[in-house]
Each structure stands twice: as structure tokens, then as C-alpha cells.
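1. Return a 3D structure for these sequence lines:
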Amino acid sequence: MKEFMEQIECAQTIGITGHIHPDGDCIGSCLALRQYISEKYPEKQTDVYLEPISDEFLFLSGAGQILTIPKNEKYDLFFVLDCSSEDRFEPFSSLVRNADTVFCIDHHISNQGMGNYCIADPKASATCEVLCDLIPLEEVSLKCAECLYTGIVHDTGVFKHSNTTKKTMIYAGELLEKGIHHSKIIDETFFQKTYVQNLALGRALLNSRLFCDGTIICSGLSQEELDQLGAVPSDVNGIIDQLRVTKGAETAVFLYPLKNGGVKVSMRSNGKVNVSSIAQEFGGGGHILAAGCTMFGSFEQIEKQLLPKIKEQL
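-> Numbering: from 1, shown residues only. So this is what the prediction gives:
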């Protein structure tokens, strides 16, 4: 906490970024940090860089000021949140490289450390929980609390994933006392789906197949299918978690295409398989029970590479 505060105090220009295809924890942590710094040090320039975020997160303070195109600017301090490898924040990697000081804050077990300072706590449920360790909660405003709570809610699956701990619930309770509308945050950012998102989920379920006596479930949506549905990458969020709760399944795999010609691989485990170790073999990472990577080839080719790795652990 001392180094965290000292670096903020010394910097005049501060940049913040997170991983590509930002989820609730990535968005929440980036905006929470921005909100805290802007309130405590209004004289400092604090910019958040992310790819375009989903509409359901636009209520968060500072969401409208997120920059999606790198500025030609050198920052005194740059925070990298919720990721640790350059390929995961590639659109803004030049800004990070050019900064005087880089500070990484994360909770993924695959984080091997990066930058001048790195705080990575794999026991934390979310990067927002790590921020709760660093930011004095008595100094957290309502707007900042909304961002932190949103991140914790999303990375714990509304407190039902195994990464939820007593500490997680204590922090959630502290944030509730700030006056946040917790039910609105949960309903509108986690459970609520658009019609297109429901169609994408339905198509993915129809496309799903079982392997290894039903212990592995795989599905994917092609670019042609996404175009037919009028869906974008953010519309497939949550599909992997629905596949995971299929009765009898130990591991779920979901695939969809990326703009760079690669395929996004999302994996979830119900306990027997360490999907993080598998993702790391293919240049990705994450948590023991939730991880992902980018691979190249057809869906069938990718499945042929992944399935033996999963079966080895089963």
C-alpha cells in the first residue's frame, strides 16, 4: 500500500488500462482506480484506456470518458489492471512501454510479475478485491464503491464461485454500506440479457457437444453465425458459464472468432481440471477454474489440441 500511494502522489500524469475484451472486473477496477485518484488528487491527469465496453456498464462513473484510441502522450505512471502480459493489452502496449513507471495489479495465478511494481494476489476473488486492500475504504466514495462492487460481483458469479471468501464478503459488505444499489447492479450488469444475447446463448447451446462420457462440453459460434444474429463479442459473455453448469460436465470450452484471425478460447472447470495450466501451454492464463487463451485454426483443430490436455487431468 505504501508503494501504491507513493507512486500516485509522485505522478502528475497517470494512465490506466486492462485486458482486451474487458469484463466486469476489468472495467470496474479501472474505473474505480480512476475515480479514487480523481477525487483525492483532482489536479492530476488520469486517463483510462480500454476497448469499447458493453452498454450495461455505462452507468459507472467515468465510463463515458474511457479512451479507446491511444493518445500521443508519455505518462509518469501507468497502471495495468487484471492482466500481466503485453498481448492482453496490446492496443495500448506502446503507452505502457513509454511510461516512466508501470504498476501491475492483478489476481490471476498465471501472473509472473511485470512492470516496476506488481501486486498479484491469486487468493483474491477479483482485481477489485485487491484494490480494496490498497485503497483505504473510509476514503471510498459511492461512485468508487459502485465500480468496486461491480467487479467483485462479476468475477465471483454473484458470490457463488469458489473464489468467494470471507474476506470477499467483508469487502462487499463495506461497499454496501456506502449506499450502492446492489440489486440494480447485479440485475442489470450480470443477469439481464438483450434479445441478441439470448439468441447467441441459444445457438451456442444447440452447437454444443459432449465428449469423454459427458464430462467435457464444447461449443462455439462462427463469424457467420455471429453476423446472422447481429452479435458482437460482448454478446457472448456468460455463455461459457452456462455451459459449465451442464449436469455431469467437469470442464466447459467455448470458442469464438477474433478480429485478428485467431479464436478466443474460454475454459471453465468444476474442480477436477486446472484449466489455467492448459491455457498457459497455449500462451494464455487465468485461474485454476477459469482461464482462456487465443489459438489459431478451425474449431475442430483447436478442440483436437485441447481435448487430450483436458482428458489427461480427468
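2. What are the buried residues along stretch 3-19?
-> Of all the residues in stretch 3-19, those buried under the rule 16 or more other CB atoms under 10 Å are 4, 7-8, 11, 13-19. For glycine as for every other residue, the C-beta is placed from the backbone atoms N, C-alpha and C.
3. now swap in stretch 59-67 and tell me
-> Those would be 60-63, 66, for stretch 59-67 by 16+ other CB under 10 Å.
4. Rebuild those residues as JSON lines, extending it with secondary structure and distance to G151.
-> Listed next are the buried residues of stretch 59-67 as JSON lines, based on DSSP: H, G, I helix; E, B strand; the rest coil; distance: CB to CB, whole Å:
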{"residue": "L60", "secondary structure": "coil", "distance to G151": "10"}
{"residue": "S61", "secondary structure": "coil", "distance to G151": "13"}
{"residue": "G62", "secondary structure": "coil", "distance to G151": "14"}
{"residue": "A63", "secondary structure": "helix", "distance to G151": "13"}
{"residue": "I66", "secondary structure": "coil", "distance to G151": "15"}
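5. pLDDT below threshold where in the stretch 151-300 of the chain?
-> Along the stretch 151-300 of the chain, no part satisfies pLDDT under 70.
6. mind running it again at 90?
-> The stretch 151-300 of the chain contains residues with pLDDT under 90 at 160-162, 190-191, 232-234, 237-238, 259-260, 283-288.
7. Backbone dihedrals for V245, both of them.
-> phi -90, psi 10 (degrees, to the nearest 10).
8. same thing with the one 10 residues further on?
-> When read as degrees, to the nearest 10, the backbone of L255 gives phi -120, psi 140.
9. domain assignment for this protein?
-> 2-191, 199-313 (automatic domain parsing).
10. List just the nearest of the buried residues of stretch 59-67 to R34.
-> G62 (5.1 Å; CB to CB).
11. Contact partners for that closest one?
-> 31, 34-35, 38, 48, 147 (CB atoms under 8 Å, 6 or more residues apart in numbering).
12. For the stretch 201-314 of the chain, which segments are assigned as strands?
-> 209-211, 216-220, 251-257, 263-269, 285-286, 290-295 (DSSP state E, counting those that start in this stretch).
13. Take those strands and lay them out in TSV including mean neighbour count.
-> Converted to TSV, those look like this (neighbours: other CB atoms under 10 Å):
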stretch	mean neighbour count
strand 209-211	13
strand 216-220	24
strand 251-257	25
strand 263-269	24
strand 285-286	23
strand 290-295	22
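14. Distance to R203 for those - can I get that in CSV?
-> Output for these, formatted as CSV (distance: least, CB to CB, whole Å):
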stretch, distance to R203
strand 209-211, 14
strand 216-220, 9
strand 251-257, 11
strand 263-269, 16
strand 285-286, 25
strand 290-295, 20
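15. among the ones you listed, which is nearest G202?
-> When these are compared (using CB to CB), the closest one is strand 216-220, at 11.2 Å.
16. hmm, who's touching that closest one?
-> Contacts of strand 216-220 (CB under 8 Å, 6+ apart): 204-205, 207-211, 239, 243, 246, 249-256, 263, 299, 303, 307, 310-311, 314.
17. If we use 6 Å, what do you get?
-> 204, 207-210, 243, 246, 249, 251-255, 299, 303, 310 (CB atoms under 6 Å, 6 or more residues apart in numbering).
18. got the angle between that strand and strand 251-257?
-> Note on geometry: by axes from the mean of the first three to the mean of the last three CA atoms, to 10 degrees, strand 216-220 and strand 251-257 are set 10 degrees apart in direction.
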